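Asks: with the input below, show me the fold.
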Amino acid sequence: MAKHPSLAAVVQRLEDRGLRVTAPRLSVLAAAAAGAEDQFSAEDIESRLPQVGRATIFRTLKLLVEMDVFCRVLLDDGNLRYRWSRRGHHHHLICDSCGAIEDFTGCDVTTLMQDLARRTGFTARGHWLEVYGRCAACHSRAAVSQ
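Replies: Here you go, the predicted model:
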């Protein structure tokens, strides 16, 4: 299975939403697709595309997150990274040791959100959950070295 959708598929999704397929948008997509790493920052894209303005890169990334092409990952150190989104609403397990990120979908916070709404009058429109710890491989390596 491909690591990310084809650029043609993303272009089609943009067109289906009535959005323009601009050269900067295509450049951001191509730069993200060309990167060998699983995750990237806006600064990574910016360094690959000095001809594209910083604001354009951030607007494009925001749009592509809203379209579920990319997802955002907030690292434990506060840095924001992006990944190709592999499914709809999901969350991340983030390894503190090696930086691996694994998606998970099982997140039933409905009861919590209803309780918060009842107690505070706050109406939530969404949530974002990152879980930090150690992946199985790093946990095994640590156990062997002890």
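Asks: buried stuff in stretch 26-45?
Replies: Within stretch 26-45, the residues scored as buried using 16 or more other Cβ atoms under 10 Å are 27-29, 31-32, 39-42, 44-45. From N, CA and C alone the C-beta is placed, and that goes for glycine too.
Asks: what's the farthest-apart pair in these?
Replies: Longest distance between any two of these is 19.0 Å, between 27 and 39; criterion Cβ to Cβ.
Asks: what about the helix or strand of the chain with the lowest mean pLDDT, distance to the chain center?
Replies: Lowest on mean pLDDT, DSSP states H and E among the helices and strands of the chain sits helix 136-145, with a mean of 85. From the chain centre to the centre of helix 136-145 is a distance of 27 Å (Cα atoms, centre = their mean, to the nearest Å).
Asks: buried set for it?
Replies: residue 138.
Asks: next: stretch 80-99.
Replies: Neighbour-count burial for stretch 80-99, with 16+ other Cβ under 10 Å as criterion, is recorded at 81-85, 90-95.
Asks: domains in this structure, by residue range?
Replies: Using automatic domain parsing, the domains assigned to the chain come out as 1-86, 88-146.
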